Structures are given as C-alpha cells and as structure tokens.
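Enquirer: Just need the structure, nothing else, for what follows:
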Amino acid sequence: MKVFEIRDDWGFDHLQLGTRPDPKPGPGEVLLRMKAASLNYRDLVVPLRGYGAFTGNLPLIPLSDGVGEVIEVGQGVTRVKVGDRVCPCFHQSWIGGPPDLERLTRTLGGPIDGTMAELMCLPADGVVRVPAHLTDEQAATLPCAALTAWSAIFTYDRLGPGSQVLVQGTGGVALFALAYAKLAGCHVTVISSTDEKLARAKALGADAGINYTATPEWSKATREITGGRGYDHIVELGGEKTLPQSLRAIRPGGTISMIGVLSGSMLSAPLGLVVTRQVRLQGITVGSRDGFEAMMRALEQHRVVPVIDRVYAFEELKEAMAHLKGGSHFGKICIRHG
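Expert: Sure, this is the predicted structure:
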C-alpha cells in the first residue's frame, strides 16, 4: 500500500512517499480503505518530534484525522460491518470516563501510525460511524478539531441560550466551536486577523467580530459587546500572547478552554485574575469515543457541515502542510486519498 512516512530521522526533509505491505485484520480489528485525511496543528509538530518520547518511533505514518470504508473485519467484530464509513478515534484507548496517561497518549499520527496510508488496520473499538450527509473530506475533519470543540462547549461546560462565548480565530477548531455554540443558542464573538475572515464568520452565524490586527488590545473592545460583564466561555487557541487578554475578557466564574498554543506555549499572564475572579482554566485534549459518538449524533440531527478551506491530492501532503503553517486558511485543510 502507498503511504507517507517519516523515516530515517526526524524533520520534514524525512517525510517521504513510500510503500508498506498491506495489513490484515486480526480478531477484534477492522481494515479500512482510507478515503480522505485532514490536517491539524499537531501535524506540524510531530515531524519535529515535538512531543518527545510520546511522539513515537520511526518510521511513522503521520496525521491523526481521516475517514475510511470498512473493507474487512476480524473475528468477533460486531460494532461495525463491511461497507460502513468510519472515522478512526484520535485517542485509541479512551472509550469513556475520565482521562488517564494511557488514554491520552495512545494517539494516531504519533505514536501510533496515522491516516496517510491507503489502508489502516485498527481495533474495532477505535472507530466511529460518520453521518451520511457528509462528504469524505468533510467527515475527515471530525476526529480532532470537531471533537475538541465539542468537548469545550458541551462536555466541560454548561452553555445555553444567551451565554456569551468568544472564539479565537477561524481555523478548524474555532469554526466548529462557533457552530456548536450557536446550536446551544449562545451569542458568539469571533476574533480574527482580517475583516474578510470576520465577514465569513458572521455569515456562519457569529454575532460580533473583532479584528485583532487593527485592534491589538481586543480585550478592551469586548467590554462593549458584553456590556462590561465578560464572557461566560472563551475558546483559547492562541496561548502565550492571547491568554493574558482572555483573562481580562472572561467574566468572574467563567471558563477558559485551553486548547491551542499557536502564539507560543510559555505562560506569562496575570494569574491573580484567575484567583480573584474564580476563573476556570480547562485544558482540552480532544475527547473520548463516547463524546465522539454523541457529537456524531448531534451533527446528524442538525445537519452540521464542516468548513473546508482547500483539498489537496495525497502526493501533495507537504504542500498542504506549508499552507497550514502559513496561517491563511479559513476552516480545514484536507487530503484526498483517491
């Protein structure tokens, strides 16, 4: 089978197109013919061994997100059948319940081989059926970005009609968070780098927008939007440079979902505000299979459609990664396997 893999040494120069023997499913396993994959920020970190020993060993097939068709099942498999279209779970061992070290570290695209392969062999417990209304590329965006946003909005908070939510950016997680918050009846503010992106976000349902390039102190601009009250929930994707302002924009008792570190990972923030305002900083690392299945039911019920920025051919993986790194995308960047 055709694969992309990091081999010989770490680094993007060692990310190469190659072949591997076709896998065969054992008891409790399923064989998938992959249809599409999608990119996340972590896919830029893995080739550099950015997660240390938890990145895994070489050779390694990258990318964690994708969708495939079940073409063969091993003995004892009853959860899915041949012909089903499924997404692999990012956390292969996290079925439900609270996270622990094993559940958080057995992840696709490092240390477990990821979705940049024509075929994948996985435990049947590690895949979830996808809604029929989604294309392959749309379904491929779901395992990390969509579930991360779902966990922030629904699993770790209790938002409802009238709740004030701020979402940072217009990438994959951000736009899923916007969609979910609107499903819950929330008022949503989006901050982004251009007026064009903000206009597109408002077309998707955002109630307010702030251009952080034109308004670097965006936390001050939020006071008028919230009437000085602050936000009930902030989807924090920037990290180092945005967290200090998030702490000024959150209401007393509000929740900041710590998801991304796009602007850096070193903490330099007024932590006194966490104490005096009783702010909850909630780390989010995707979610469990139970959460993934609940999210799938909601997507099907409400016919939610992911936003795709661009689709690349399988052989164009490096070009797709360069596009992601450039930061100009709106929504998800996908890879078509066929």
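Enquirer: from here on, contacts and neighbour counts on C-alpha atoms
Expert: OK.
Enquirer: residue farthest from the centroid of this structure?
Expert: Gln75 (32.1 Å; Cα atoms, centre = their mean).
Enquirer: My guess is that residue contacts Gly28. True?
Expert: Yes - using Cα atoms under 8 Å, Gln75 is in contact with Gly28, at 5.9 Å.
Enquirer: quick one, domains of this protein?
Expert: The chain breaks down by automatic domain parsing into domains covering 2-144+287-336, 157-283.
Enquirer: Just give the number of residues close to the closest residue to Phe314 other than its chain neighbours.
Expert: In this structure, Phe314 finds its nearest non-sequential neighbour in His337, 5.2 Å apart by Cα to Cα, 6 or more residues apart in numbering. His337 has 23 neighbouring residues, counting by other Cα atoms under 10 Å.
Enquirer: Between its first and last residues, what's the separation in stretch 179-197?
Expert: Taking Cα to Cα, to the nearest Å as the measure, stretch 179-197 stretches 15 Å from start to finish.
Enquirer: Sketch out the low-pLDDT regions of the stretch 201-338 of the chain for me.
Expert: Residues of the stretch 201-338 of the chain that meet the criterion pLDDT under 70 lie in 262-266, 269.
Enquirer: Would you list the phi and psi of Ser64?
Expert: Main-chain dihedrals, Ser64, degrees, to the nearest 10: phi -100, psi -20.
Enquirer: Touching, it and Met120? I think so.
Expert: No - Ser64 is beyond contact range of Met120, at 11.7 Å (criterion: Cα under 8 Å).
Enquirer: Quick one: residues contacting the residue farthest from the centre of the chain.
Expert: Counting by Cα atoms under 8 Å, 6 or more residues apart in numbering, Gln75 touches 26-29.
Enquirer: Is it in a helix, a strand, or coil?
Expert: At Gln75 the chain is in coil, as set by DSSP: H, G, I helix; E, B strand; the rest coil.
Enquirer: Just want the phi and psi numbers for it.
Expert: phi -60, psi 130.
Enquirer: neighbours of the spatially closest residue to Tyr51 that is not a sequence neighbour, just the number please.
Expert: Setting aside the residues directly before and after it, Tyr51 is nearest to Val45 in space (Cα to Cα, 6+ apart), at 7.4 Å. Residues lying near Val45 (other Cα under 10 Å) number 13.
Enquirer: what's the distance between Val45 and Met258?
Expert: 18 Å.
Enquirer: Next: Gly56.
Expert: Gly56 sits 24 Å away from Met258 when distances are taken as Cα to Cα.
Enquirer: closest one to Ser151 among the domains of the chain?
Expert: domain 2-144+287-336 (6.3 Å; Cα to Cα).
Enquirer: so how far is that closest one off the chain centroid?
Expert: Centroid separation for domain 2-144+287-336 versus its chain: 11 Å, with Cα atoms, centre = their mean, to the nearest Å.
Enquirer: Check stretch 227-242 too.
Expert: What separates the centre of stretch 227-242 from the centre of its chain is 19 Å, taken as Cα atoms, centre = their mean.
Enquirer: So for the protein, which residue is the most central one in space?
Expert: In the chain, the centroid-proximal residue (Cα atoms, centre = their mean) is Ala145; its distance is 1.6 Å.
Enquirer: Mind giving me the packing neighbours of the top helix by length along the chain?
Expert: Identified as the longest helix of the chain according to DSSP state H is helix 289-302. With contacts defined as 3 or more Cα pairs under 8 Å, 6 or more residues apart in numbering; DSSP states H and E, the packing partners of helix 289-302 are strand 127-129, helix 147-150.
Enquirer: 10 Å instead?
Expert: strand 127-129, helix 147-150, helix 172-183 (3 or more Cα pairs under 10 Å, 6 or more residues apart in numbering; DSSP states H and E).
Enquirer: Show me which residues of the first one are buried.
Expert: Read that as strand 127-129. Judged by neighbour count (16 or more other Cα atoms under 10 Å), strand 127-129 contains these buried residues: 127-129.
Enquirer: With the last one instead?
Expert: Buried positions in helix 172-183, judged by neighbour count with 16+ other Cα under 10 Å: 172-182.
Enquirer: where along the stretch 1-150 of the chain do the strands fall?
Expert: Secondary structure of the stretch 1-150 of the chain (DSSP state E, counting those that start in this stretch): strands located at 2-6, 15-19, 29-38, 65-73, 85-88, 119-123, 127-129.
Enquirer: Dump those strands to a markdown table, plus mean pLDDT.
Expert: Formatted as a markdown table, the strands of the stretch 1-150 of the chain follow (pLDDT from 0 to 100):
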| stretch | mean pLDDT |
| --- | --- |
| strand 2-6 | 98 |
| strand 15-19 | 97 |
| strand 29-38 | 98 |
| strand 65-73 | 98 |
| strand 85-88 | 98 |
| strand 119-123 | 98 |
| strand 127-129 | 98 |
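Enquirer: Nothing else from me, thank you.
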